[in-house]
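A.B. asks: Would you be able to build a 3D model of this:
(2 chains)
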2 protein chains.
Amino acid sequence: MELHPEWVVGFVDGEGCFYVGVNKNKTMSVGYQVLPEFRVVQHQRDIQVLYALKRFFGCGTVRRNHEDRYELRIRKIECLKKVVEFFQKHPLKTKKNVDLKKFSKIIKMMEEGRHLTKEGLIEIVQIALEMNTGKRDNLRRILDDLTGKAG
Amino acid sequence: MELHPEWVVGFVDGEGCFYVGVNKNKTMSVGYQVLPEFRVVQHQRDIQVLYALKRFFGCGTVRRNHEDRYELRIRKIECLKKVVEFFQKHPLKTKKNVDLKKFSKIIKMMEEGRHLTKEGLIEIVQIALEMNTGKRDNLRRILDDLTGKAG
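C.D. replies: Down below sits the predicted model:
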């Protein structure tokens, strides 16, 4: 299955998700790990579309998401850079483009190693909080922890 | 907002729905009305995409779907013909293409007036039953009624 770049933009405008998770991780200098990912979920009947997207971007893993749904998940920073560059060249038409810009900013900060400093991490969590896909309660708790507001 | 045909295919592969409703209607010769529709639902933040699709197809109505969601809905047969012709020229990549083919068959039968005969209506309900979007229980009840199996 050959994918046209504009088809990819339209499909991701509908089905794609730019997500930044932040998890407790004692091995990290700041105590938290930043996990950005790009995800497309489909019913198993359309798993071939996920494989076509994987070939299109040249990276990612197709895996079970939940029950009869599968996902293409891209997590490697160098791969996410390629994804971001693609959508900078071929802009999304929905408000997902706003998320993409925030996502892209976080990827850039991570390349600069800023997620390894407390100040950088605080900024990343603040940007993630503004994204449509963020788990806000969790991010707010982390922000409180990092800024010393926790009870 | 200008839409590229391939973007439209990708977006509809993600978000579009080809649906054939069959409702009781005493004014119809066979007692039922066939209501095919093409629908795209979005959060209100992306209502401008629905208006862009409306301009692209040159028909349809943008209306509230539910709470903060809006939909572009196309119901007129001459408009649905245009939609079907577009997707015949630019095929969907997901299994929605199978639904489109069934939908297209129903539209053709309606143009020939076959939904106004009991035999034609039975065939339409059988095709709608095979679609991914059909309300199967309702369609099965109608089929039982039309074929005289009802208790």
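A.B. asks: How about residue A:69, nearest residue that isn't a chain neighbour?
C.D. replies: residue A:41 (5.4 Å; C-beta to C-beta, 6 or more residues apart in numbering or on different chains). Backbone N, C-alpha and C define where each C-beta goes, glycine included.
A.B. asks: Same check on residue A:97?
C.D. replies: residue A:91 is the one closest to residue A:97 (C-beta to C-beta, 6+ apart), at 5.7 Å.
A.B. asks: What backbone torsions are found at residue A:69?
C.D. replies: Per-residue torsions, residue A:69: phi -110, psi 140 (degrees, to the nearest 10).
A.B. asks: what helices or strands is the longest helix along chain A leaning on?
C.D. replies: Counting residues, the longest helix found in chain A (DSSP state H) is helix A:96-111. Contact analysis of helix A:96-111 by 3 or more C-beta pairs under 8 Å, 6 or more residues apart in numbering or on different chains; DSSP states H and E lists strand A:16-24, strand A:32-43, helix A:77-89, helix A:118-130 as its packing neighbours.
A.B. asks: buried ones in it?
C.D. replies: A:96, A:99-104, A:106-107, A:109-110 (16 or more other C-beta atoms under 10 Å in any protein chain shown).
A.B. asks: Mind listing the residues bridging to residue A:69?
C.D. replies: residue A:43, residue A:66 (DSSP bridges).
A.B. asks: Next, the contact list for it, please.
C.D. replies: A:41-44 (C-beta atoms under 8 Å, 6 or more residues apart in numbering or on different chains).
A.B. asks: Now render these as a markdown table, adding pLDDT and neighbour count.
C.D. replies: Formatted as a markdown table, the contacts of residue A:69 follow (pLDDT from 0 to 100; neighbours: other C-beta atoms under 10 Å in any protein chain shown):
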| residue | pLDDT | neighbour count |
| --- | --- | --- |
| A:41 | 97 | 15 |
| A:42 | 97 | 24 |
| A:43 | 96 | 15 |
| A:44 | 96 | 12 |
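A.B. asks: Could you single out the nearest of the residues you listed to residue B:25?
C.D. replies: residue A:43 (32.8 Å; C-beta to C-beta).
A.B. asks: Surely the closest one touches residue A:68?
C.D. replies: Yes. Residue A:43 lies in contact with residue A:68 (C-beta atoms under 8 Å); the separation is 6.0 Å.
A.B. asks: Could you list the residues of chain A in contact with chain B?
C.D. replies: By the rule C-beta under 8 Å from any C-beta of the partner chain, the part of chain A lying against chain B is A:1, A:3-15, A:42, A:45-46, A:49, A:52, A:93-95.
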